[in-house]
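Q: Any chance you can model this:
(2 chains)
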Amino acid sequence: MTEFPETRDSLLVQVRSPANREAWDQFVLIYRPVVYRLARRRGLQDADAQDLAQQVLMAVASAIGSYEKSDASVRFRHWLRRVARNAIVNALSRQPRDRATGGSTVQELLLEEPSDDHESDAQIEWEYRRELYLRAARIVRGDIEADTWRAFELTVIEGHSIDDVAVLLKRPVGTIYAARSRIMRRLREAVRGLEQSKP
Amino acid sequence: MKLNLPTSACDRDRLESFLSGQLSVVQERDFLAHLDTCEHCRRALQQLAAEPEAWIEAEQLLKSSPFDSHGAEDDSDGTTGSSTRQPPQIQAVLDTLGPTDDPQMLGRVGGYEVAGVVGAGGMGVVLRAIDRSLDRTVAIKVMAPHLATRGAARKRFAREAKAAAAVLHPNVIAIHSVSNDEALPYLVMPYVRGTSLQKRLAGEGPLSVQEILRIGSQIAAGLAAAHAQGLVHRDISPANILLEDGVERVTITDFGLARAVDDAAITTSGVLAGTPQYMSPEQARGEAVDGRSDLFSLGSVLYAIAAGRPPFRAETTHGVLRRITDDEPAPIREINPDIPAWLCTIIVRLMSKRPDSRYQSAAEVAELLEQCLAHVQQPAAVPLPAAVVATKSRRPWNLSLQRIGAIAMFAVFAIGVLGLALWQASEPPDIAGKWTGPEWGDVTLHQKAPGEYEGTYTDTFKKMPGSIQLKWSRLEGRYKGTWREGEQRSGKLVVRLVEDQIRGAWTTDKESLIDPGTPELADLLWKRSGAKGPELPAAQPLGIKIDAGPQKSATGKPMRFGHFTTGHGIKIACSADGKLIAIANGNPTRILQTNGTSRVKGDWKPTAEVFEIETGKLVVALKLTTDEEQAVLAATERISHIEVAALAFAPAGDAVTVGTNIGQVKLFHARTGELLRTLDDEQARLADKDTPDNWKPLKRALGSVSGLAFSPDGSLLATCGTTFREFSNTFDGIERLTREVTGPGRLKVWDLKTGALKDDLAGHSHATGVAFSADGNLLASAGRWSSEGDNGTGVIIWNSQTGAKISMIATEANAGTHTVAFSPTNKLVVFGSQRYDKENDTYTTAVSVTYAFSGITEWQRQFPGWAYPKAFSPDGKSLLVLSSGQSIQFVDTQTGTTKREIKAANSPEGGPWVDFALTAEGRRLAIAAVSEEEGSIVLWDLENPSSVPK
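A: Just a heads-up that it's a prediction; the model follows:
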């Protein structure tokens, strides 16, 4: 009887299959920052963007039921991304306004099929891949020495010359080459792992 | 000559082994040495590590962007002069460029060769290009491709071009040419080498008085020229002010939002047009604007460069706009005492809320500021303009902020003179003490020096205490500092005191060895632990623990439950004779995880059990579903579990009734567990075509139950919840956007003698709570209603015999009314309504005690978070309210003041508490307490704080 309004409880997802459950958890982990950044890009301030990310996730969560019943032929992962994309595009094109979180509002985000918006799709894809890389980077970084990562960061991301970086980090040039390639390899593997992890 | 030893030869296999980490230490060392000189292997290694696309992708994707996280200051979106890449948009533009012969160039636009990208904004991308015929560099603003197809956007672009082109003034960006008929329209402007005012401000902080005047007078002059052409810029902000390199010239750019004064259209796209922080009040309100709106924005910009930060800051866009319309910014001199009073006065006048109070023309302001500048440059020779001198303010003291701490005593008395807001803005609040918050655990802070704190916290990665250092930042009005756990983990934090809470954000340093689960930026919310409340004699727990759960262990320890969020899961009810207590454990194995989702642990089995209060012995475990029903449910994919949503004892006799989330209402014998009755609204149930066929044997009263109540004589049972159709909507998975309207199917009254449905009352679109009055004549229902032109939430009072609606008591809550109860005196009804405050992301619950017939409110009180006013005491003098899981308050029915409070913090388990029930005589209170993976019911003796038996 004590139904308190949609707090985080609403993310209770009644996902039956444990494999799908993991896909969902992974999805949330990656997509929340994706939506946040997309919203910030569109001009929303931090708290509004976080709000929006939450709403999108809730919208997708509430749609899970429809997947489980009908779209068994489509892979859960792909289905998630499709629904998420609709929700994101819809959410971003709405006027921000005060509203209580209510079930119907959350549904609204999913119901409308937005017109083909290539720009948004490209942005969503971009942010998604970015999030994969950022996560992979965190995973890889956690395992290695700070200088090794620095070597990669300075030469690959910031584009400094290997010789300069060798001087800066006081290491031989060969070591810098080795470090960046090693990390690149691990990064690529980590990204692949994140992409493909679940069914 | 050096021999080529095998280990220094180029060996492809070795490359691969290195990359997969398979070389030994010695081998690796040799390999690295080899790489020092071997160009071939370096290249091969690189190729082997990853495809070229992956290298490029890594470079592009790992570059940080302004939108990754936010520190203490908001980054404006201004990009003139910056080179943040937003590749999809820019790439799309670059893709449209014509081919060029010059390999150094990116492409062509018209007769220009594009050399690089300057930046990107909402409407388009700005490119740097060379005009070969005139051999000069230009800036080309190209419309964003996804907008180029939309007529309205093209018109706006054309309008910007026309607007800017119409104004010929040294302080307004010139337009060389406009092209509107190509696939991508573009504007050609001079390429101004320089930096935006925004960047300068971010890099250097407040500027000197001379610079402020120089910049201000030029902006005003540019505005005057634009206004003379009948144009309002509408987006004057530091990001749109260009400071040219090496020359003291200031240029207003980005007329993308400019409007002719007679153009009434207001932008309606989802994104806020313009930079909120510098908008004028009339812009914030969406009203018509004229040139004086630009003057307000000018004032805001001058404020920003004088004080070092924008005048209106809040956590959300909405908050900023509200402050613009409602609040006065902190006086500049409190932040930067070097600014002379007369300049502050000018800025204050520019920032008057009412346009009529500001200067009436930009030309006037330009001239004024020029004269001030002349004075500042030669104070002896040139006097201040007369208009400004007259308004020099007089101040009794010239407080420097350093002395404020020392004379804090006087501050208390001085508040009336200088205004409370001043002190709050500059004086560091006291945050010493014990706090607690998620992800930090218990935080203890003590003051090291005025405005400086250090402390510890307990919830760390390695379970050793972490340390915190905080220092008050005068400029920003908050504490900034660092946290550290050992050698390897550290980060920054930013906090401020908001009423009795500490709020802020924290980040983890890049160099930390990060747990991949840790977010890069997270919110922070600390509450004081050991909340202060009225110190009243506390009731002592009796010490009888009643263990509820599927099994009881031999040692009698409380069994493991799932972790429930507040108000979800456990229900308790006490029998009328005070002998029995029923406990429903809604969801014993659902564990809530820190990322807000939950997972089911193990095999879920709901339980509803009856215990003897005196002994804590289990009397009977109720079988909530028959075997036949269980088979049907197990075959239904969509349903993963059943939850007990409501629980109540009959007023007489040993019967207890249970309502579930699938809409079943069953009466059991409280001692034997025999199923006495199952309420069934067969007609409505079968009429719902979306309920699956195999559910036909399932007898259900509603779609799903949310509340039930017996009439005092035990003859009627009221049930509320959702309609069958609402529930079955979830079966086929098609989310229908049905805005529920008021109608039948949600509130049903049953005759318990026959088991038949007596009334189906149509008054709600959502019904969540029911209660009978003490004499049985009235029925109250809580929820929402929605029909043509009438939306609301609150309580409806009905005549329980005839079903007629007597009154509707509406409240202002925006998040629903959930609970209702009658006082024993019959006249009064209590209900709790929730309100969600988006700006602060908080809930409050208003508990109202109202006269049932007239709807007149006797009193109303706000409780932070959620509050559950479940019942009155038997004598009607007190109302028991469970507040946010932390305490149960005994509130005086007449006045609404708390007479007594028992706190979860004082109980052995510590809470939180999720439900409670009063025994009939009111002497004892059963409270359901949950913690990490356990739950238990504890009985409190309200009368005798006797010692706890063991």
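Q: Am I right that residue B:41 falls within a helix?
A: Yes - assessed with DSSP: H, G, I helix; E, B strand; the rest coil, residue B:41 lies in a helix.
Q: residue ranges of the helices in the stretch 351-500 of chain B, please?
A: In the stretch 351-500 of chain B, the helices defined using DSSP state H, counting those that start in this stretch lie at B:362-377, B:386-389, B:401-406, B:408-418, B:420-426.
Q: One more: chain A?
A: A:18-41, A:46-70, A:76-92, A:103-111, A:118-142, A:146-152, A:162-169, A:173-196 (DSSP state H).
Q: Secondary structure class of residue B:175, three-state.
A: Following three-state DSSP, the label given to residue B:175 is coil.
Q: Could you find the closest non-adjacent residue to it?
A: In space, and not counting its chain neighbours, residue B:175 is closest to residue B:165: 4.1 Å by C-beta to C-beta, 6 or more residues apart in numbering or on different chains. All C-beta spots, glycine's among them, are computed from the backbone N, C-alpha and C.
Q: To what extent is that neighbour buried, counted in neighbours?
A: By other C-beta atoms under 10 Å in any protein chain shown, 18 other residues sit near residue B:165.
Q: Double-check that it belongs to a strand.
A: No - applying three-state DSSP, one finds residue B:165 to be helix, outside a strand.
Q: Switch the helices of chain A over to JSON lines; also include mean neighbour count.
A: As requested, the helices of chain A are arranged in JSON lines below (neighbours: other C-beta atoms under 10 Å in any protein chain shown):
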{"stretch": "helix A:18-41", "mean neighbour count": "20"}
{"stretch": "helix A:46-70", "mean neighbour count": "21"}
{"stretch": "helix A:76-92", "mean neighbour count": "21"}
{"stretch": "helix A:103-111", "mean neighbour count": "18"}
{"stretch": "helix A:118-142", "mean neighbour count": "19"}
{"stretch": "helix A:146-152", "mean neighbour count": "20"}
{"stretch": "helix A:162-169", "mean neighbour count": "15"}
{"stretch": "helix A:173-196", "mean neighbour count": "20"}
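Q: where among the ones you listed is the average confidence lowest?
A: Lowest mean pLDDT of those: helix A:103-111, a mean of 46.
Q: returning to what we had before: so for residue B:293, which of the helices of chain A sits nearest?
A: helix A:46-70 (23.5 Å; C-beta to C-beta).
Q: before we move on, the earlier item: among the helices of chain A, which is nearest residue B:884?
A: Short answer: helix A:46-70, nearest of these by C-beta to C-beta, at 21.0 Å.
Q: need the contact list for residue B:744.
A: Applying C-beta atoms under 8 Å, 6 or more residues apart in numbering or on different chains to residue B:744 gives the contacts B:723, B:760-762.
Q: how close does the nearest residue to residue B:873 once chain neighbours are set aside get to chain A?
A: Of all residues not flanking residue B:873 in the chain, residue B:922 sits nearest, at 4.9 Å (C-beta to C-beta, 6+ apart). Residue B:922 sits 21 Å away from chain A, going by C-beta to the nearest C-beta, to the nearest Å.
Q: quick one, phi psi at residue B:922?
A: For residue B:922, the backbone dihedrals are phi 80, psi 10 (criterion: degrees, to the nearest 10).
Q: isn't it right up against residue B:876?
A: No - using C-beta atoms under 8 Å, residue B:922 is not in contact with residue B:876; the gap is 10.1 Å.
Q: rewinding a little: let me know the closest of the contacts of residue B:744 to chain A.
A: The shortest gap between chain A and any of these belongs to residue B:723, at 14.2 Å (C-beta to the nearest C-beta).
Q: count of neighbours near that closest one?
A: For residue B:723, the neighbour count with other C-beta under 10 Å is 21.
Q: thinking it is in contact with residue B:703, fair?
A: Yes - under the criterion of C-beta under 8 Å, residue B:723 makes contact with residue B:703 at 5.0 Å.
Q: what touches both of those two?
A: Listed as contacting both residue B:723 and residue B:703 by C-beta under 8 Å, 6+ apart are residue B:745.
Q: From residue A:36, how far out is residue A:46?
A: As defined by C-beta to C-beta, to the nearest Å, residue A:46 lies at a distance of 8 Å from residue A:36.
Q: Next: residue B:768.
A: Counting by C-beta to C-beta, the separation of residue B:768 from residue A:36 is 33 Å.
Q: Show me how far stretch B:747-765 is from its chain's centre.
A: Its chain's C-alpha centre and that of stretch B:747-765 lie 40 Å apart, by C-alpha atoms, centre = their mean, to the nearest Å.
Q: and the residue nearest to residue A:161 when sequence neighbours are not counted, how many residues sit next to it?
A: Closest residue to residue A:161 apart from its sequence neighbours, by C-beta to C-beta, 6+ apart: residue A:155 at 7.6 Å. Neighbourhood size, residue A:155 [other C-beta under 10 Å]: 22.
Q: Let me know whether residue A:155 touches residue A:183 as I believe.
A: No - between residue A:155 and residue A:183 there is no contact under C-beta under 8 Å: 10.0 Å.
Q: that older thread, would you reformat the helices of chain A as JSON lines and include distance to residue B:613?
A: As requested, the helices of chain A are arranged in JSON lines below (distance: least, C-beta to C-beta, whole Å):
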{"stretch": "helix A:18-41", "distance to residue B:613": "40"}
{"stretch": "helix A:46-70", "distance to residue B:613": "40"}
{"stretch": "helix A:76-92", "distance to residue B:613": "48"}
{"stretch": "helix A:103-111", "distance to residue B:613": "39"}
{"stretch": "helix A:118-142", "distance to residue B:613": "53"}
{"stretch": "helix A:146-152", "distance to residue B:613": "62"}
{"stretch": "helix A:162-169", "distance to residue B:613": "72"}
{"stretch": "helix A:173-196", "distance to residue B:613": "54"}
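Q: Please produce a markdown table containing these, extended by distance to chain B.
A: Supplementary listing: those in a markdown table, determined by distance: least, C-beta to the nearest C-beta, whole Å:
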| stretch | distance to chain B |
| --- | --- |
| helix A:18-41 | 4 |
| helix A:46-70 | 3 |
| helix A:76-92 | 7 |
| helix A:103-111 | 5 |
| helix A:118-142 | 4 |
| helix A:146-152 | 6 |
| helix A:162-169 | 9 |
| helix A:173-196 | 3 |
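Q: Would you mind saying which of these lies nearest residue B:142?
A: Nearest to residue B:142, of all those, is helix A:118-142, at 14.2 Å by C-beta to C-beta.
Q: angle of that closest one against helix A:173-196?
A: For helix A:118-142 against helix A:173-196, the angle by axes from the mean of the first three to the mean of the last three C-alpha atoms, to 10 degrees is 120 degrees.
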